[in-house]
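Q: this one's structure only:
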């Protein structure tokens, strides 16, 4: 799940200010109607900006993306992701047409732990988690064995204050990963317990203050228990139904995932999030009430039954903090990230904000 913490939006960029620090990147395969740049060596994503008027019509832009798909795919691997800026993407339908040019992640957001609904086609809400909370960097659906290889985010309406989609290089994260923790985790499995509230619990909820309060019907996009069980069989999860109508899922994943193209080993787990809510005073009462009602309390455990120690939790959160980047977004921005090579999150915000998501395959 996305981990969250209550804190104000940052006043300045972390590590890199993309408005003033730019390193031009020559990509002649994309042609002369765009220019490319990054915030520096090994700093994701690669910004691809329209220049001139040639790609100012949606159909022309979509043709350009279709013609340059192979190059764009390669750039996502090289840079961890690409930011498409200044192109004529202004609505959910526009974003959906763009996403249709990429392979869809067929399981979609079934069994996901962030409250979100379908907007249109393969476009989803980004989240309905309360705006005052920061969503820490994470890999999308890191709590599941099957996961989307790529994630795209579209800023239809950019918040006037805060609300930036943050990202972090997992390559840099892994280069800084401490040897002592690596040795502890080598070859280990992660046992995961997750809980969902009874069907209908979040049917009309504008926001949710704890992921375990999401109704299983919202999480699985169905009101049929049989369909839920069929999804669980496909996704290698064990469903446990309770008398009150709630649902527990149990599953197992690896601590490290090997990138299928580059062979890089990436930390993809939420072992470090067990106490994320508990340590936040704003959540103390909420967490206590949620856990008290659960027969199998939600959590992430090593295959020995151990949870991360405080030292291990702090070490991982510090790694994420050290690689986190943020920059001011613009209406119409679309970022497509490799879900292993780049983590993402969200700063708290105020004012209107509408960001949409699409889950993609390779």
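A: Okay, I see it. Just so it is clear, the model here is predicted, and its values are computed rather than measured. Numbering: from 1, shown residues only.

Q: state the helix or strand in which the spatially most central residue of the chain lies.
A: Nearest to the centroid of the C-alpha atoms of the chain, with distances taken as Cα atoms, centre = their mean, sits residue 140, at 3.7 Å. In the assignment (DSSP states H and E), residue 140 maps to no helix and no strand.

Q: next: residue 61.
A: Using DSSP H and E, residue 61 maps to helix 58-67.

Q: list the buried residues of that helix.
A: 58, 61-62, 64-65 (16 or more other Cβ atoms under 10 Å). All C-beta atoms are positioned from the backbone trio N, CA, C, and that covers glycine.

Q: ok, stretch 287-303 next?
A: Here stretch 287-303 shows 287, 290-291, 298-302 as buried, counting by 16+ other Cβ under 10 Å.

Q: since we're on residue 161, how many residues are nearby?
A: Using other Cβ atoms under 10 Å, residue 161 has 12 neighbouring residues.

Q: need the phi and psi values for the closest residue to it other than its chain neighbours.
A: In space, residue 161 comes closest to residue 350 once its chain neighbours are excluded; the distance is 4.7 Å by Cβ to Cβ, 6 or more residues apart in numbering. Torsion angles at residue 350 (phi, psi; degrees, to the nearest 10) stand at phi -140, psi 150.

Q: was I right to think residue 62 contacts residue 97?
A: Yes: taking contacts as Cβ atoms under 8 Å, residue 62 lies within contact range of residue 97: 6.2 Å.

Q: just the helices from the chain, written as ranges.
A: For the chain, applying DSSP state H gives helices covering 58-67, 69-79, 92-99, 170-175, 179-185, 216-220, 225-235, 284-292, 310-323.

Q: who are the packing partners of the second one?
A: Translated: helix 69-79. Applying 3 or more Cβ pairs under 8 Å, 6 or more residues apart in numbering; DSSP states H and E, one finds that helix 69-79 contacts strand 46-50, strand 81-85, strand 334-338.

Q: quick check: residue 142 touching residue 270?
A: Yes: taking contacts as Cβ under 8 Å, residue 142 lies within contact range of residue 270: 5.4 Å.

Q: neighbour count for those two, which is higher?
A: Neighbour count, other Cβ under 10 Å: between residue 142 and residue 270, residue 142 has more, with 25 against 22.

Q: list the contacts for that one?
A: 253, 268-270 (Cβ atoms under 8 Å, 6 or more residues apart in numbering).

Q: returning to that earlier point: dump the helices and strands packed on helix 69-79 to TSV, plus mean pLDDT, distance to residue 248 and mean neighbour count.
A: Shown next, in TSV, are the helices and strands packed on helix 69-79 (pLDDT from 0 to 100; distance: least, Cβ to Cβ, whole Å; neighbours: other Cβ atoms under 10 Å):
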stretch	mean pLDDT	distance to residue 248	mean neighbour count
strand 46-50	97	41	19
strand 81-85	98	34	23
strand 334-338	98	31	24
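
Q: of all those, which lies closest to residue 183?
A: strand 334-338 (26.9 Å; Cβ to Cβ).

Q: ok, residues contacting that closest one?
A: By Cβ under 8 Å, 6+ apart, strand 334-338 touches 44-45, 72, 76-77, 80-84, 87, 89, 95, 98, 102, 149-155, 165, 167, 344, 360.

Q: and it with helix 69-79, angle?
A: Between strand 334-338 and helix 69-79, the angle comes out at 70 degrees (axes from the mean of the first three to the mean of the last three Cα atoms, to 10 degrees).

Q: so residue 39 touches residue 169, yeah?
A: No: between residue 39 and residue 169 there is no contact under Cβ under 8 Å: 10.7 Å.

Q: hmm, who's touching stretch 163-170?
A: Residues contacting stretch 163-170 (Cβ under 8 Å, 6+ apart): 9, 42-45, 80-81, 131, 137, 139, 153, 155, 266-267, 320, 323-329, 335, 337, 340-349, 351, 353, 355.

Q: mind redoing it with 6 Å?
A: With contact meaning Cβ atoms under 6 Å, 6 or more residues apart in numbering, stretch 163-170 is reached by 44, 80, 137, 153, 266, 323-326, 329, 341-347, 349, 353.

Q: same question for stretch 355-362.
A: Applying Cβ under 6 Å, 6+ apart, the contact partners of stretch 355-362 are 92, 95, 99, 102-103, 105, 119, 122-124, 126, 148-155.

Q: picking that back up, put together JSON lines for the buried residues of stretch 287-303, with distance to residue 175 on each row.
A: Listed next are these as JSON lines, based on distance: Cβ to Cβ, whole Å:
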{"residue": "287", "distance to residue 175": "34"}
{"residue": "290", "distance to residue 175": "37"}
{"residue": "291", "distance to residue 175": "36"}
{"residue": "298", "distance to residue 175": "31"}
{"residue": "299", "distance to residue 175": "29"}
{"residue": "300", "distance to residue 175": "24"}
{"residue": "301", "distance to residue 175": "27"}
{"residue": "302", "distance to residue 175": "24"}
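
Q: which pair in those spans the largest distance?
A: So, the buried residues of stretch 287-303 by Cβ to Cβ: farthest apart are 290 and 302, at 22.8 Å.

Q: now stretch 122-136: how far from the chain's centre is it?
A: Stretch 122-136 sits 10 Å away from the centroid of its parent chain (Cα atoms, centre = their mean, to the nearest Å).

Q: quick check: mean pLDDT across it?
A: On average, the pLDDT along stretch 122-136 is 86.

Q: check which residues of it are buried.
A: Residues 122-129, 131-136 are the ones in stretch 122-136 that count as buried (16+ other Cβ under 10 Å).

Q: stretch 27-43 now?
A: For stretch 27-43, a neighbour-count test (16+ other Cβ under 10 Å) marks 27, 30, 34-39, 43 as buried.
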